[in-house]
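Chemist: For reference, the sequence and a predicted model appear below.
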Amino acid sequence: MSKNKQQHPPKGFAARSRQWRRNNRRRFNQLLARLLGTPEARRRPLAADTRRILVVRLNKRLGNILFLTPMLRSLAATLPEARIDVVIQSQAQQKLLQTLPGVDRVWIQEPNLFGTLRLLRRLRRRRYDLTIDPTGNSASNRIAVALVRTRQRLGFAKNDQWLPLTHAAGRPSSRHQALQAVELLRNAISEPPVTTFDTLAVFPNETDREAAEAHWHNALGRYANSGAPVVGFFSRATGRKALRPHWWQAWILEVRRAAPQVVLLEILPDDNADPIVPEIAHIAVKPLTELAAVISRMDQFVAADSGPMHLAAAAGTPVIGLFRATRPSDYAPLGQHCTTIEGQALTPAGVAGELARRLNHGDTAPARVSGARE
């Protein structure tokens, strides 16, 4: 066999190897679940002295971290005397959660073994009253929850749930991950009564808002205080979720035709990114809390399924979410005035028309937010 073939095994073999590992892992998880785990729901009261809570969400995607916010707010409202710690993987997202009510410490898992072990030692010293895995499909979450010292563990009951949980919810009714986490609390805790939230939320502080005002004036110039409606948009998304640049260029032309009073402001992922149309106002803001404060000043925000789309919903801005490859039932922007567009309606003219309708008639009621509950 040649050296090249040794370094690059056939795709068929690699695929079979991955499938073999997945099958063995699933069988092992099911065996552990039968011996030690929690295959069935357990709805029980929390210990009356539950004060220290840890939520583990080992993930770097902005949307997935924002999906924690309804559950964290629900925990804080249900247990107002408790202090909530969270474990995530991205330093950039830390401040988004740090300013939520009830949140005490946001721990960051470092991307190396020594950093992970150091974090684990710190967590074990804190001895939590309740530790929560808010998802039902993360092996990393389960391992971390298993290793932390805690009196109560809360998560989803499943056939392959090998964690011994004291409180467990069954299969959620919603497909949306943010709403599933809220269902987890409601369906696994019988006492105290759980107060629930079903929208994303972030709370930029005064420093963030002052920085946002400077960004706003730098980007918009004479239009910053003109009174004209400002519509932000984010033209990037990952993989098949993204709409092509020519789609966005056509959409800009349609917006100018349908709503000529609008001032457009493009949000760029970084300073090196090129705007879709150079003469359109554009801005790149790295601190996420500052970006949230900038977006909160906008009248509407338009984006494909992406982190900035969810950040806009969390900032309280009316959002039009564009869904090309994913389903709104799974990933809709959860906000008071958010809507989604997909399928045949996902045309530049159709999206511009919906934007004009919302601006001209003041109609910001959600046309469709799959999975949301009033």
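Modeler: Right, received. Where do you want to start?

Chemist: What helix or strand is Gly316 located in?
Modeler: Using DSSP states H and E, Gly316 sits in no helix or strand.

Chemist: number of nearby residues for it?
Modeler: The criterion is other C-beta atoms under 10 Å. On that basis, Gly316 has 18 neighbouring residues. (Each C-beta comes from the backbone N, C-alpha and C, glycine too.)

Chemist: Distance-wise, check it relative to Pro348.
Modeler: Computed with C-beta to C-beta, to the nearest Å, the distance linking Gly316 and Pro348 is 26 Å.

Chemist: Show me how this protein divides into domains.
Modeler: Here the chain is described, according to automatic domain parsing, as comprising the domains 52-188, 206-361.

Chemist: Quick one: closest of those to Gly12.
Modeler: With distances scored as C-beta to C-beta, the stretch of these nearest to Gly12 is domain 206-361 (23.5 Å).

Chemist: Run the chain-centre distance for the closest one.
Modeler: A distance of 17 Å separates the C-alpha centroid of domain 206-361 from that of its chain, computed with C-alpha atoms, centre = their mean, to the nearest Å.

Chemist: how long is it end to end?
Modeler: Distance between the boundary residues of domain 206-361 (C-alpha to C-alpha, to the nearest Å) amounts to 32 Å.

Chemist: same question, stretch 150-170
Modeler: One end of stretch 150-170 to the other measures 22 Å (C-alpha to C-alpha).

Chemist: Any buried residues in it, and which?
Modeler: Applying a neighbour-count criterion of 16 or more other C-beta atoms under 10 Å, one finds 150, 152-158, 160-163, 165-170 buried in stretch 150-170.

Chemist: outside of it, which residues touch it?
Modeler: Counting contacts by C-beta atoms under 8 Å, 6 or more residues apart in numbering, the residues outside stretch 150-170 that touch it are 26, 29-30, 32-33, 36-44, 46-47, 50, 54, 127-136, 142, 145-146, 171-172, 183-189.

Chemist: for stretch 243-260, same thing?
Modeler: Stretch 243-260 is touched from outside by 229, 231, 233, 235, 237, 262, 264, 276-277, 280, 302, 304, 322, 324, 348-349, 351-353, 355-356, 359-360, with contacts defined as C-beta under 8 Å, 6+ apart.

Chemist: all strands in this structure, in order from the N-terminus.
Modeler: 52-56, 83-88, 103-108, 128-132, 150-156, 167-169, 230-234, 263-267, 281-283, 300-304, 319-323, 338-342 (DSSP state E).

Chemist: May I see the ones you listed organised as TSV, with distance to Asn218 and mean pLDDT added?
Modeler: Below are the strands of the chain laid out as TSV (distance: least, C-beta to C-beta, whole Å; pLDDT from 0 to 100):
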stretch	distance to Asn218	mean pLDDT
strand 52-56	37	98
strand 83-88	30	98
strand 103-108	30	98
strand 128-132	41	98
strand 150-156	45	98
strand 167-169	47	98
strand 230-234	14	98
strand 263-267	11	98
strand 281-283	8	97
strand 300-304	19	98
strand 319-323	24	98
strand 338-342	28	97
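
Chemist: Out of the ones you listed, flag the one nearest Phe203.
Modeler: So among the strands of the chain, strand 103-108 is nearest, using C-beta to C-beta, at 10.2 Å.

Chemist: picking up where we left off before, reformat the domains of the chain into CSV and put distance to Trp20 next to each item.
Modeler: Below are those laid out as CSV (distance: least, C-beta to C-beta, whole Å):
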stretch, distance to Trp20
domain 52-188, 17
domain 206-361, 26
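
Chemist: No further questions, thank you.
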